[in-house]
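In: sequence and predicted model, in that order:
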Amino acid sequence: MKKIVVIGGGNMGFTYAEGIYNAKIANIEIIDKSDDRVAEINGMNKMKAATSYDALKDADIIFLAVKPQIAPLVFADIKSIVNKNQLFVSVMAGMTIETIQQGLGIDKVIRCMPNLPASIQLGMTTYVGSKEVAKENLDLVGTILKSTGKAFEVETEDMIDNTTGISGSGSAYIFYFMNAMAEAAEDFGFSREEAKTLTAQTFEGAVELYKQNDISLEEWMNRVASKGGTTRAALNNFDDNNVHNLIKEGTIACVNRAKELAADK
Ligand SMILES: NC(=O)C1=CN([C@@H]2O[C@H](COP(=O)(O)OP(=O)(O)OC[C@H]3O[C@@H](n4cnc5c(N)ncnc54)[C@H](O)[C@@H]3O)[C@@H](O)[C@H]2O)C=CC1
Ligand SMILES: O=C(O)[C@@H]1CCC=N1
């Protein structure tokens with residue numbers, strides 16, 4: 001079995017480590033610089049975690065899951081330990097394959113963009129490999145990524161940044177919309193628990209309808225909104241306030257930020 005080491009046992013790194021562990025497709029170890037986090041992970045009695053980089057020496061695949069801003073520090077720490085035979089998989093937003101190759105003096109890099117629902121096997125991940133990555137390795141990592149939900153390969157790194165604007169950061173947009181709806185529900189007099197049920201069930205039902213049928217979102221809106229009815233009053237209000245375009249602008253701000261991170265800003 002291959003040995004996979006994840007550097008950064010936070011939200012995303014731990015999610016992947018756990019997905020791989022549960023799928024029993026590789027031996028998995030986690031490296032995290034936080035003593036508390038390492039103790040917490042070891043306390044779960046599942047995966048081995050450590051603060052030292054020792055586990056990297058005989059790793060086949062190394063996941064890079066620290067914040068992009070601290071990646072240069074990690075690169076400096078591990079450059080002399082890692083080697084060109086190892087395959088690197090980065091989940092870091094805006095961190096280019098070239099920067100990783102140069103920072104570590106290595107060749108084989110797969111850059112991917114996951115999202116947080118990967119922690120409950122409902123993740124959405126896209127990935128692209130450097131030209132040095134053999135198809136066999138790309139397929140292997142594809143299988144690993146699919147252990148946390150859906151995953152597909154994209155042609156360019158630009159499409160990884162674009163994914164960040166939709167699914168990578170997108171869970172937070174959905175939480176934003178849900179937060180406003182749940183708050184409105186509480187304003188209308190529902191308890192917090194009732195507001196959660198009303199909001200979550202509405203999202204879940206709408207998503208399932210969309211997924212299970214080949215009907216456009218506009219058509220679905222029309223099926224809910226009777227002419228002169230209540231839904232149209234809400235949708236007209238959104239349109240009058242340009243909400244549709246503002247959401248699209250938000251996705252563009254997100255992609256631009258990914259590109260800024262790539263330029264080390
Ligand atoms: N959270 C999310 O929804 C998503 C995050 N990402 C990417 O995942 C990466 C990690 O983000 P999160 O997991 O959210 O951050 P996080 O803050 O939850 O986890 C980062 C972990 O790295 C550890 N760490 C810090 N310095 C370290 C070092 N020198 N060596 C080893 N470990 C170190 C921290 O102790 C922490 O546990 C980022 O690059 C982000 O762009 C990508 C897609 C979605
Ligand atoms: O906000 C961030 O920078 C990371 C990347 C995608 C989701 N979270």
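Out: Sure thing, it's come through. Ligands and ions are numbered 1, 2, ... in the order given.
In: tell me the contacts of Leu122?
Out: Listed by C-beta atoms under 8 Å, 6 or more residues apart in numbering, the contact set of Leu122 reads Gly149. Quick note: C-beta positions are derived from backbone N, CA and C, even for glycine.
In: so who does whatever residue of the stretch 151-265 of the chain ends up closest to ligand 2 touch?
Out: In the stretch 151-265 of the chain, the residue found nearest to ligand 2 is Gly168; the distance is 3.9 Å by C-beta to the nearest ligand atom. By C-beta under 8 Å, 6+ apart, the contact list for Gly168 reads Ala93, Met113, Pro114, Asn115, Cys254.
In: how about 10 Å then?
Out: Gly168 sits next to 12, 91, 93, 112-116, 124-126, 160-162, 254-255, 258 when contact means C-beta atoms under 10 Å, 6 or more residues apart in numbering.
In: near ligand 2, anything from stretch 256-264?
Out: No - Stretch 256-264 stays clear of ligand 2 (C-beta under 6 Å from any ligand atom), getting no nearer than 7.3 Å.
In: list the buried residues for that stretch?
Out: Arg257, Ala258, Leu261, Ala262 (16 or more other C-beta atoms under 10 Å).
In: swap in stretch 131-148?
Out: Neighbour-count burial for stretch 131-148 flags Val133, Asn137, Leu138, Leu140, Val141, Gly142, Ile144, Leu145, Lys146, Ser147, Thr148 (criterion: 16+ other C-beta under 10 Å).
In: the residue of the stretch 151-265 of the chain closest to ligand 2 and Gly228: what is the separation?
Out: Applying C-beta to C-beta, to the nearest Å, the value for Gly168 to Gly228 is 40 Å.
In: with Glu29 instead?
Out: 62 Å.
In: the more surrounded of these two?
Out: Taking other C-beta atoms under 10 Å, Glu29 and Gly228 do not tie; Glu29 has more neighbours (20 against 7).
In: Lys150 looks like it's in a strand, true?
Out: Yes - looking at Lys150 with DSSP: H, G, I helix; E, B strand; the rest coil, it is inside a strand.
In: centre of the chain to the helix or strand harbouring Lys248, how far?
Out: Assigned by DSSP states H and E, Lys248 falls within helix 243-262. Computed by C-alpha atoms, centre = their mean, to the nearest Å, the chain-centroid distance of helix 243-262 equals 16 Å.
In: let's test this: mean pLDDT of that helix, rounded?
Out: The pLDDT scores in helix 243-262 average 95.
In: now do the contacts for Leu104.
Out: By C-beta under 10 Å, 6+ apart, the neighbours of Leu104 are 62, 64, 71, 74-76, 78-79, 81-84, 86, 88.
In: backbone dihedrals for Val128, please?
Out: When read as degrees, to the nearest 10, the backbone of Val128 gives phi -150, psi 140.
In: isn't it right next to Val154, touching?
Out: Yes - with contact defined as C-beta atoms under 10 Å, Val128 counts as touching Val154 (5.2 Å).
In: shared neighbours, these two?
Out: Both Val128 and Val154 are contacted by Arg111, Cys112, Met113, Ile160, Thr163, under the criterion C-beta under 10 Å, 6+ apart.
In: among those residues, who's most crowded?
Out: Busiest of the shared contacts of Val128 and Val154 [other C-beta under 10 Å] is Met113, holding 28 neighbours.
In: neighbour count for Val128 and Val154, which is higher?
Out: Per other C-beta under 10 Å, whichever of Val128 and Val154 has more neighbours is Val128, with 21 against 16.
In: okay, now Gly9: neighbour count?
Out: 27.
In: cool, the one 5 residues further on as well?
Out: The local packing of Phe14 (other C-beta under 10 Å) involves 23 other residues.
In: and the gap between it and Tyr21?
Out: In terms of C-beta to C-beta, Phe14 sits 10 Å off from Tyr21.
In: how about the stretch 1-150 of the chain: which residue is closest to ligand 1?
Out: For the stretch 1-150 of the chain, C-beta to the nearest ligand atom, closest residue to ligand 1: Gly10, 1.7 Å.
In: so Ile110 lies in a strand, does it not?
Out: Yes - according to three-state DSSP, Ile110 belongs to a strand.
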